[in-house]
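Novice: Please find the sequence and the predicted model below.
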Amino acid sequence: MILQALAQLAEQEGLVARPDYEPKRVSWVVVLTENGSFVNLVSNRINLSEGTKKKPVYVGKWVLVPKQPTRTSGAKSFFLIDKSEYVFGLDPQSKQKPKKLEERFGLFRAQVNEAAESSDAIPLQAVANFLNRLADDPSPIKTHANFDSIESNDLIGFKIGTQWAQEDPKVIDYFADSRKVVEPESPKVTPFQCLVSGEVVHEVPLFPLIKRVPGGTSSGVALVSHNASAFLSYGLSGNDNAPISRTAAEASAAALTRLLDPNYPDPKDLDDVLPLRQIKIGANTIVVFWAKNATKEIASVLDMLNPILGGESEETVKEAYRSVWHGKPLPLNESSEFYALTLSGTQGRVVIRDWIETSVKVVNENLAMHFADLKVCRNTKPKKGSKPSETIPMSWLLKSLAAEGRSEPVPPSVESGFVRAAFQRSEYPFQLLQRALVRAKAEAGGDDWSESMRRDARAAILRAVLNRKRRNDPNPKYPEVDIEMNPNVQSEGYSCGMLMAVLERLQTLALDDINASVVDRFFSAASASPRSVFVRLLKNSQHHYRKVRDDEEKRGFARYLERIKDEILSRFDPQPAPTSRSVYPGSASGIPLHLNLEQQALFVLGYHQMRHWLRMSMEEKQAWHDEHPNVPPAFGRKKVEHSESVEADSAITVS
């Protein structure tokens, strides 16, 4: 099915309209007369950095050239278009030995001479004459002003006057005839049937190598390959185990090459590029996607998938998200098939991590749910004059799960599972939660922008994993987690996390600048074994409260924090909170000894959301109260006395 869908895409986008030709970047052109006399060596390059202050980056323009065979090792010449060492027998960079240059020039020259003998095409005669003269006297090329500008991998072609040699009708016919599959004189008793097209196949060709697969070799890797006895069966050898005709193999390879190239040319106009249909989700993992018979509306959804899921910039993701789901709903009632293929490269072959078949309409709906699940209150300060973004780039989410600087945050299998959950509304891989917890404990504390952003990303992941898992559980063991703090959530882990945020705020209120807060020192232990840690922290919090209760500027806020602390503790201790502020409201005996992984994740979320709530402005707190009218009294409204601190008044509308 994968190869069939790829072959259909190749047909749909006209990638195999000329099956014997393919687009390649040709950097230089040798201009000849009809009798093969050398006229000029001209550049066919463009500067990708034009219009910017960056260093010039020159690449050849896209040109349709005769399809080139696989060249992994050894010498093999391409027809009419090749590198300098084949076309001229010269290397401007002086990296190749003279013997190799002579051999490669001989191969290219012999191939053209053979073609010139078999066809009366004028371009073939002209190029053959030029090469034969060049063998005797290479000076016209060696002394040309442009020769030293040729790079080792630059492709060089020929023009007769103003026409490309390979575009002559007789040359096209000759090359097509040379590629025709010759049926064997003694065909196999039982020929194969192509798995893609169903046509009869007498000889199964090697599958074309695919380039640009992350983790693969620069020469390309095979999607279909049988190069070890473990891959063989029924006495068949090599690719006979998966018979695919050359036509189907080349169509599938052309489609995959187009999907993996971010700047693949449009066959209808080589100066234009086809829409981007890939998402890079890791150092060695990429997702390519497409739709069958995409309409204009469906194409607009596909166009947004890369910036939404693969964007590196928060602004890019935010704008793409708004354009798709915050605007007018797109008319996606028609059922256009959607395909997504997750790939990695290793040991000379393509590894298929995942294959998804659904419809564009379903993907559009599921991605809206994906971003809704990833929403969480943000503790990272937004850029001046802007609101906190509702979306976090997927690359940031994954990078937050590894120590800073690691190129591969999570295994490719987890990355592909993340994408599958986004496209199909399935559960997120539980390994995401495990890794988020590990990093949350290791990176507790710290308030610079990068650390805060990583904590926001992990909180988004934890909320998404927990809520998806809960929806699929007939007997959920924990409540749904809201975007912002909800004091009515009945969860031991969530309440412990809220308590940690309150104790941290009380400590900073009492001690101002400190080298290591309670979060720096105790977050990891408290999230796993809360009772043993909170016994000590609650005792210390009484010292912090006593230190600020006589401070007129701080005592109002301190009393408020104490009431919230008492409210949270009452969830663990059924005894009512005492009326006297001098009496300790109870012990930590009701706090659980240990928390499982889900409750540890709720601990992190409780801390994250409570910390955000305590830092809300008056306007934000008012909006929060409007959305949560039935909160416990300790979290309610109150007018703050004028003598109490501005900090208390701005941080809370105290009850």
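Specialist: Noted; the coordinates are in hand.

Novice: C-alpha from now on. contacts and neighbour counts both.
Specialist: OK.

Novice: Skipping its backbone neighbours, what lies nearest residue 434 in space?
Specialist: residue 597 (7.5 Å; Cα to Cα, 6 or more residues apart in numbering).

Novice: Oops, could you answer that again for residue 89 instead?
Specialist: residue 105 (4.5 Å).

Novice: for residue 213, same thing?
Specialist: residue 345 is the one closest to residue 213 (Cα to Cα, 6+ apart), at 5.6 Å.

Novice: Residue 339 too?
Specialist: residue 357 is the one closest to residue 339 (Cα to Cα, 6+ apart), at 4.9 Å.

Novice: Kindly indicate whether that neighbour is helix, strand or coil.
Specialist: strand (DSSP: H, G, I helix; E, B strand; the rest coil).

Novice: Just to check, it is in contact with residue 336?
Specialist: No. Residue 357 is beyond contact range of residue 336, at 10.7 Å (criterion: Cα atoms under 8 Å).

Novice: residues in contact with stretch 523-534?
Specialist: The contact list for stretch 523-534 (Cα atoms under 8 Å, 6 or more residues apart in numbering) reads 441-442, 444, 493, 496-497, 500, 522, 588-596, 600, 603-604.

Novice: Filter the residues you listed down to the ones in strands?
Specialist: Among these, no member falls in strands (DSSP state E).

Novice: Filter those down to the buried ones.
Specialist: 441, 444, 493, 496-497, 500, 522, 588, 591-592, 594-595, 600, 603-604 (16 or more other Cα atoms under 10 Å).

Novice: Of these, which one scores lowest on pLDDT?
Specialist: Within the buried ones among the contacts of stretch 523-534, the minimum per-residue pLDDT falls on residue 588 (64).

Novice: follow-up on the earlier one: tell me who's in contact with the residue nearest to residue 89.
Specialist: Contacts of residue 105 (Cα under 8 Å, 6+ apart): 85, 86, 87, 88, 89.

Novice: Surely it is within a helix?
Specialist: Yes. Per three-state DSSP, residue 105 lies within a helix segment.

Novice: Which pLDDT does the model give it?
Specialist: 95.

Novice: What separation do you get for it and residue 91?
Specialist: For residue 105, the distance to residue 91 equals 11 Å [Cα to Cα, to the nearest Å].

Novice: shared neighbours of those two, anything?
Specialist: Shared contacts of residue 105 and residue 91, counting by Cα under 8 Å, 6+ apart, come down to residue 85.

Novice: how far does stretch 14-34 sit from the chain's center?
Specialist: 32 Å (Cα atoms, centre = their mean, to the nearest Å).

Novice: ditto for stretch 347-363
Specialist: 13 Å.

Novice: Any chance of the backbone angles for residue 58?
Specialist: With angles defined as degrees, to the nearest 10, residue 58 sits at phi -100, psi 130.

Novice: Enumerate every residue touching the nearest residue to it once chain neighbours are set aside.
Specialist: Once flanking residues are discounted, residue 58 sits nearest to residue 47: 4.6 Å by Cα to Cα, 6+ apart. By Cα under 8 Å, 6+ apart, the contact set of residue 47 is 56, 57, 58, 59.

Novice: what about the third one, how many neighbours?
Specialist: The local packing of residue 58 (other Cα atoms under 10 Å) involves 14 other residues.

Novice: which SS class is the residue nearest the centre of the chain?
Specialist: Nearest to the geometric centre of the chain sits residue 281, at 2.4 Å (Cα atoms, centre = their mean). Secondary structure for residue 281, judged by three-state DSSP, is strand.

Novice: List the residues that contact it.
Specialist: Per Cα under 8 Å, 6+ apart, neighbours of residue 281: 287, 310, 394, 395, 415.

Novice: Just those: which are in strands?
Specialist: residue 287.

Novice: Dump the contacts of residue 281 into TSV; add distance to residue 295 and neighbour count as well.
Specialist: Shown next, in TSV, are the contacts of residue 281 (distance: Cα to Cα, whole Å; neighbours: other Cα atoms under 10 Å):
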residue	distance to residue 295	neighbour count
287	22	26
310	23	22
394	27	25
395	29	18
415	29	23
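
Novice: returning to that earlier point: just the closest of the buried ones among the contacts of stretch 523-534 to residue 363, please.
Specialist: Nearest to residue 363 among those, counting by Cα to Cα, is residue 604 at 30.4 Å.

Novice: so the closest one sits right up against residue 494, yeah?
Specialist: Yes. Using Cα under 8 Å, residue 604 is in contact with residue 494, at 7.5 Å.

Novice: before we move on, the earlier item: return the member of the contacts of residue 105 nearest to residue 234.
Specialist: residue 86 (42.4 Å).

Novice: Against residue 624, how distant is the closest residue to that closest one other than its chain neighbours?
Specialist: Once flanking residues are discounted, residue 86 sits nearest to residue 105: 4.4 Å by Cα to Cα, 6+ apart. For residue 105, the distance to residue 624 (Cα to Cα) stands at 76 Å.

Novice: before we move on, what about residue 488?
Specialist: When residue 488 is compared with residue 624 (using Cα to Cα), they lie 13 Å apart.
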